[in-house]
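In: Test case, fold it:
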Amino acid sequence: MTVSKNVSSVPERIVGLAAARSRHGDRADLLLRALRVGDPLADAVIVEFDEVGRPARAALQRGLTEGRASVPDAPPAVDALLAHTETVPGWVSPDLLGEGDRTSLAVPSHWRGLAFAGGSLAHTYRSPAIARLLVGTGRLTSSAPRRLAETGLWNASVVLPRGLRHGAPGYVQTVQVRLLHARVRASAMSHGWDAGRWGIPINQADIARTWLDFTVVPFTFLEGVGYRLTDEEQSRLYRYWWYVGHLLGLDEEFFLGIEDHARAGELLDLVDSTSAAPDENSRALVGALFDAATANLASLPQSPMDAAGWRDLLNAVAGRYHGAYAAGLGIPDSPVTPVLPLLAAGEAKARRYQLQVPGAVREAEEDGARVFRGLVAALSDGAAAYQDHVAAP
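Out: Now for the predicted structure:
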C-alpha cells in the first residue's frame, strides 16, 4: 500500500501544520495524505462480508487459521487480504517471531499495567478525532473493563513467543482487529461522519498512532519511573512491531527503518503536533479507563495497594508523561507526584542490577511470558468484539 500524494483540503483536525512542516519537512505531508486513506484491502472485505455473508466470514476464518491454500474458493476480497497477510516481507526476522516481543515480556507486570493504561491507551484517547469515534460506538465508556481486557488479550497474544506465526493467536487476532477497524470505518461513514473535517475514520495516521502506542509511548512512559531500555532492546522491539504494523494494514513508509526511540519519537512528535487538544470525549474515555485499570491492579494477588492507591500512582506517572495534556485528559494532580523521583531512582537501580546479573533479563522474560499466558487463558472464555465480528454465524 502506498499513501497517495494527492492532497486537497486540510481537515479541521490538523493543527500546527506549518510548525510540523518546519520540523519534519515532507513527513508532514505524508501524515496529511494519510488522513485520506483507510485500509483498502480490509475495507473491501467488509463490503464482501455484507454482500456474501457467512461464506465470506467462514473463508476468512479458515484462511487465517489454516492458511490461504485451505480456501481456494475464497471470495476475491478475502483472498486478496489473505495473500497480503501471508506474504511475509523480507525484512521480517523469523528468529524474532519465534522469540516473541522479549522487550515487552521483561517489563514487571505492575509497571506494564500502568504504562498500558496511562501511556498507550490514554495517548490513543488524546486524539479528539479518535475519541469522538470511540465514544460514538457506545462501547468504551460503558464497558471499559471489557474493552481493556480485550485489548490486553490482543496485546498478550501478539507479544508471546510464536504468537505472530501464521495461524497463531496473535496473527489471527491482529487481522481480526484490522477488520473491526474497517467495520467501524464503514459504519461511521454510513452514519454521516464528516471526513472533510475529521479525515477518514481510523485512517493511516490513526493506525500509525496505534503502532506508536504499543512501542515508543509505553516505553518512554516507563523511562519516567526509571525503567530504560538498552539500544539492543529498542532495536528488537521495533523490528518485531514492524510485522505487527504490516498485519494491521499500516503503510510501511511509516514504520520501516525505525529501530530506536529517537526515530519513533520523531514520528510521534509529528502525529501529536498536528492533533487538536483532547476534548470531553477524551476525558470520558480516560476516566473510564483509569477506573477499570486501577480496579484490575488492586485485584491482583498480593497487591500492595487498594484501587485508590493505584489511582494516585497512575495519576502521578500519567500526569508526568502527558505533561501539558494531562489537564485536558482529566488527569488530576496526585499526592504521589513529589515522591516519583525516589520511585524512579529505586527502579533504575533495580534495572541496572537486572542488566548486570547473567540470566536475570531472560528470567524476567520467562516470568512475563507466564503472566501473559495466564492472561490469555483467563480472557479466552468469551469472544472479544473483534472475534465476534468476523465469526461465521
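In: so where's the stretch 101-250 of the chain uncertain?
Out: Across the stretch 101-250 of the chain, the ranges flagged by pLDDT under 70 are 137-142.
In: residue boundaries of the helices in it?
Out: For the stretch 101-250 of the chain, the helices defined by DSSP state H, counting those that start in this stretch cover 102-105, 109-114, 122-126, 128-136, 144-159, 169-190, 195-198, 204-213, 216-223, 231-247.
In: Let me know the distance separating Glu150 from Leu379.
Out: 8 Å (C-beta to C-beta, to the nearest Å). Every residue, glycine included, has its C-beta placed from N, CA and C.
In: Out of the helices of the stretch 101-250 of the chain, which one sits most buried?
Out: helix 122-126 (a mean of 26; mean count of other C-beta atoms under 10 Å).
In: what's in contact with it?
Out: The contact list for helix 122-126, computed with C-beta atoms under 8 Å, 6 or more residues apart in numbering, reads 130-131, 134, 209-210, 212-213, 217, 272, 275, 278, 281-282, 285-286, 289-290, 318, 322, 325, 328-329, 331.
In: what separates it from the chain centre, distance-wise?
Out: 10 Å (C-alpha atoms, centre = their mean, to the nearest Å).
In: Export it to PDB, keeping only CA atoms.
Out: Extracted C-alpha coordinates of helix 122-126, given in PDB (Å, rounded to 0.1, in the frame of the first residue of the first chain):
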ATOM      1  CA  ALA A 122      -4.500   7.400  27.300                       C
ATOM      2  CA  HIS A 123      -2.400   8.600  24.400                       C
ATOM      3  CA  THR A 124      -4.800   7.000  21.900                       C
ATOM      4  CA  TYR A 125      -7.600   8.900  23.600                       C
ATOM      5  CA  ARG A 126      -5.700  12.100  23.400                       C
END
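In: then the strand or helix carrying Arg57 to CSV, C-alphas only?
Out: Per DSSP states H and E: Arg57 is located in helix 54-66. What follows is helix 54-66, C-alpha atoms only, in CSV (Å, rounded to 0.1, in the frame of the first residue of the first chain):
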residue,chain,number,x,y,z
ARG,A,54,-21.5,-16.4,6.1
PRO,A,55,-19.3,-18.0,3.3
ALA,A,56,-17.0,-14.9,3.2
ARG,A,57,-16.6,-14.9,7.0
ALA,A,58,-16.0,-18.7,7.1
ALA,A,59,-13.4,-18.4,4.4
LEU,A,60,-11.6,-15.6,6.2
GLN,A,61,-11.5,-17.5,9.5
ARG,A,62,-10.4,-20.7,7.9
GLY,A,63,-7.8,-18.9,5.8
LEU,A,64,-6.4,-17.2,8.9
THR,A,65,-6.1,-20.4,11.0
GLU,A,66,-5.3,-23.0,8.3
